[in-house]
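> okay, structure incoming, though there's no sequence with it:
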């Protein structure tokens, strides 16, 4: 999962397993798709 900081995005794109999205099992994948609503520099981590 990916956890973003400072960017407004859909809750299910926030990457908190078990809270905002189901955990991604080994061998599976998840596609993050969203249009950033604001210009800027943001950071993220997994």
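Great, that's in hand. As the structure is a prediction and not an experimental result, all values here were calculated from the model.
> residue contacts, residue 7?
36, 38, 40, 42 (CB atoms under 8 Å, 6 or more residues apart in numbering). Every residue, glycine included, has its C-beta placed from N, CA and C.
> now do 10 Å
13, 14, 34, 36, 37, 38, 40, 41, 42, 43, 44 (CB atoms under 10 Å, 6 or more residues apart in numbering).
> touching, the first one and residue 37? I think so.
No - counting by CB atoms under 10 Å, residue 37 is not a contact partner of residue 13; they are 11.9 Å apart.
> in terms of neighbours, single out the busier of those two.
The neighbour comparison of residue 13 against residue 37 (other CB atoms under 10 Å) goes to residue 13, with 17 against 8.
> got phi/psi on that one?
When quoted as degrees, to the nearest 10, the phi and psi of residue 13 stand at phi -100, psi 0.
> tell me how far it lies from residue 40.
16 Å (CB to CB, to the nearest Å).
> next one: residue 23
29 Å.
> again with residue 9
12 Å.
> okay, now the unreliable bits of this protein?
Nowhere does the chain drop to pLDDT under 70.
> and for it, the residue most distant from the center?
Residue farthest from the centre of the chain, counting by CA atoms, centre = their mean, is residue 27 at 18.4 Å.
> could I get the contacts of residue 7 in CSV, plus columns for distance to residue 4?
Shown next, in CSV, are the contacts of residue 7 (distance: CB to CB, whole Å):
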residue, distance to residue 4
13, 8
14, 6
34, 10
36, 10
37, 12
38, 12
40, 12
41, 12
42, 6
43, 8
44, 5
